[in-house]
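**Student:** Fold the following and give me the result.
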Amino acid sequence: MAFKLAGSFAFQNAFIDAKPILLEPIYKVSVVVPDSYMGDVMADLNGRRGRIQGMDPEGNVQVIHAEVPLADLYKYSTSLRSMTQGTGDYTMAFSHYEPVPHDVTQKVIEASEHDRELVEA
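**Tutor:** This next block holds a predicted model:
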């Protein structure tokens, strides 16, 4: 029993000393929208912590290239259809991992602690 406790404390101390960071998957997103909806779509992507990488005109549509955290792409297809009256389309592909911003990390920690309290109750 003493070895288990000692091992547990050693792991906890090593974990804290390592200064862990939370990473999130970032996806490359290409959104094809008619010119008239471009402003709304760009504002929505920015609201999802997206970073606009560029735009390419193709006839009467624009292709918006952005990098967006996967967590913020939840229900994006529904949102895009609603914003563009069904005329927008998008593709997404994994790009890389990035550290989660501090404010988002705090929310994740609080949610985890709340869930742990529910399980222990």
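**Student:** Look up which residues are beta-bridged to the residue positioned nearest the centre of the chain.
**Tutor:** The centre of the chain sits closest to Pro69, judged by CA atoms, centre = their mean, with a distance of 2.5 Å. Per DSSP bridges, the residues bridged to Pro69 are Ile26.
**Student:** Any chance you could list what contacts stretch 98-109?
**Tutor:** Ile21, Leu22, Leu23, Glu24, Ile26, Arg49, Pro69 (CB atoms under 8 Å, 6 or more residues apart in numbering). C-beta here means a position set from N, CA and C on the backbone, and glycine is covered the same way.
**Student:** related to what we said a few turns ago, local confidence estimate at the residue nearest to the centre of the chain?
**Tutor:** The model reports Pro69 with a pLDDT of 97.
**Student:** ok, now which ones touch it?
**Tutor:** Counting by CB under 8 Å, 6+ apart, Pro69 makes contact with Glu24, Pro25, Ile26, Tyr27, Arg48, Arg49, Gly50, Glu98.
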